[in-house]
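Q: structural data only, the sequence is not supplied:
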């Protein structure tokens, strides 16, 4: 587990890495010393569009050694053959260094950046094909209705970034507890003035204890950065108390989320009861994906997008999945009755169109109103 350390991100500390560290468009810096030292040397960079490329850059072996020592001294850790992995993090950087005794390609340095803002906006999501206006409105309404949402996908699909975006629609007076081992959410910076507590998991406070602790902190929402193991049992127990939340996990299909959670739980719970709880307390599954495309100039670019959205429901003793979005397209506008009921209670009359609080009070009788996604006639179009 990486230790957090406080340093000024200065040129003196990072040396020739400093320009890359300060460039907000660069998200990952990867150095293999056999490539970054000597003739024709280069490093690998990843930018905010998830495009990975190499750039000519030369580092001396002396700098590599000195930088490693600075990181090791800052976190008071040894780094040698017997302790070949060095990890540290700041509020925005996660640094991992692997010793050449276990890395046959030479010492490896990886720096991943997590900046305290959300790159996604409603405008660029629609314009870039990340999702349609109707899907965007639906997911915003899911937050408004206080539904529990799981964001899934493969590594680097953009799960956390998507969750961060939709968490912005939580009302400011509803207390949010974030639980992370690597600081990525930056909730208080992304949502200034909102009620939140940010918990950092470490060797002393593990995920399970953090979930238990947050229940004593008067939460309305729990944001678990990633569900990986048996903490899923305690997360579901937390949701069963009425606390709402969001989390991410690795899966390539929203239909696999229940089985993925069952596997993570191991033998902690009776499998049948556990499955029923998943369908009772997990409401929405969202799959993020990425694919390579060519832009207008013929260059290869990586596009992230919402590939699937589904709703989970347990009614009349049956567990069901309602697929709403498949392959990025809205395929169905039928939602479970239980979900419609909760949306109606939250004042959401049209799930696929988003309206701010209080606007509906101005709608009278059969007055036609046009929203993003369709035209409706007054309250006669309301759910139920």
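A: Structure's in. What do you need? This is a predicted model, so every value here is computed, not measured. Residues are numbered from 1 along each chain as shown.

Q: mind giving me the domain ranges of this protein?
A: Here the domain parsing of the chain from automatic domain parsing is 3-113, 122-354+362-379.

Q: can I get those in a markdown table including mean pLDDT and mean neighbour count?
A: Heads up, the C-betas are built off the backbone N, CA and C, glycines and all. Shown next, in a markdown table, are the domains of the chain (pLDDT from 0 to 100; neighbours: other Cβ atoms under 10 Å):
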| stretch | mean pLDDT | mean neighbour count |
| --- | --- | --- |
| domain 3-113 | 86 | 15 |
| domain 122-354+362-379 | 88 | 18 |
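
Q: which strand residues bridge the residue nearest to residue 108 when sequence neighbours are not counted?
A: Spatially, and ignoring its direct neighbours in sequence, residue 108 is nearest to residue 98 (4.3 Å; Cβ to Cβ, 6 or more residues apart in numbering). Beta-bridge pairing for residue 98 (DSSP bridges): residue 85, residue 108.

Q: gap between residue 98 and residue 18?
A: Computed as Cβ to Cβ, to the nearest Å, the residue 98 to residue 18 distance reads 22 Å.

Q: coming back round to it: from memory the residue nearest to residue 108 sits against residue 107, does it?
A: Yes. Counting by Cβ atoms under 8 Å, residue 98 does reach residue 107; the two are 6.8 Å apart.

Q: overlap in contacts of these two?
A: Common contacts of residue 98 and residue 107 (Cβ atoms under 8 Å, 6 or more residues apart in numbering): none found.

Q: all helices for this protein, in order.
A: Ranges of helices within the chain are 11-14, 18-22, 33-36, 61-75, 122-127, 133-144, 159-167, 187-190, 207-214, 231-240, 257-265, 271-281, 337-345, based on DSSP state H.

Q: how about TSV for those helices, with distance to residue 247 added?
A: Below are the helices of the chain laid out as TSV (distance: least, Cβ to Cβ, whole Å):
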stretch	distance to residue 247
helix 11-14	33
helix 18-22	29
helix 33-36	37
helix 61-75	28
helix 122-127	21
helix 133-144	14
helix 159-167	8
helix 187-190	14
helix 207-214	10
helix 231-240	7
helix 257-265	10
helix 271-281	12
helix 337-345	19
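
Q: out of those, which comes closest to residue 91?
A: Taking Cβ to Cβ, helix 187-190 is the member of these nearest to residue 91, at 8.8 Å.

Q: list the contacts of the closest one.
A: For helix 187-190, using Cβ under 8 Å, 6+ apart, the contacting residues are 116, 117, 118, 164, 167, 168, 176, 178, 194, 196, 198, 223.

Q: out of those, list just those in strands.
A: Those of the contacts of helix 187-190 mapping onto strands are 176, 178, 196, 198, 223, per DSSP state E.

Q: from what I see, the third one and residue 176 are in contact.
A: Yes. With contact defined as Cβ under 8 Å, residue 196 and residue 176 form a contacting pair (4.4 Å).

Q: follow-up on the earlier one: from the ones in strands among the contacts of helix 187-190, which single one is nearest residue 79?
A: residue 198 (28.9 Å).

Q: if I look at that closest one, how far off is residue 283?
A: From residue 198 across to residue 283, the span is 24 Å (Cβ to Cβ).

Q: what does residue 160 give?
A: In terms of Cβ to Cβ, residue 160 sits 19 Å off from residue 283.

Q: residue 300 now?
A: 37 Å.

Q: how about residue 159?
A: For residue 159, the distance to residue 283 (Cβ to Cβ) stands at 17 Å.

Q: how about residue 318?
A: 16 Å.

Q: please apply the same query to residue 259.
A: 17 Å.

Q: what pairs with the longest strand belonging to the chain, and is each one parallel or antiparallel?
A: Assignment by DSSP E gives strand 300-315 as the longest strand of the chain. The partner list of strand 300-315 in its sheet, established with DSSP bridges, is strand 284-294 (antiparallel), strand 318-326 (antiparallel).

Q: could you dump those to TSV with distance to residue 13?
A: TSV is the format used below for these (distance: least, Cβ to Cβ, whole Å):
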stretch	distance to residue 13
strand 284-294	33
strand 318-326	45
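
Q: wait, which of these is closest to residue 155?
A: The minimum distance between residue 155 and these falls on strand 284-294, with 10.1 Å, by Cβ to Cβ.

Q: now do the closest one against helix 337-345, angle only.
A: 90 degrees (axes from the mean of the first three to the mean of the last three Cα atoms, to 10 degrees).

Q: residues contacting strand 284-294, please?
A: Applying Cβ under 8 Å, 6+ apart, the contact partners of strand 284-294 are 50, 139, 142, 147-154, 156-159, 162, 251-255, 257, 300-312, 321.
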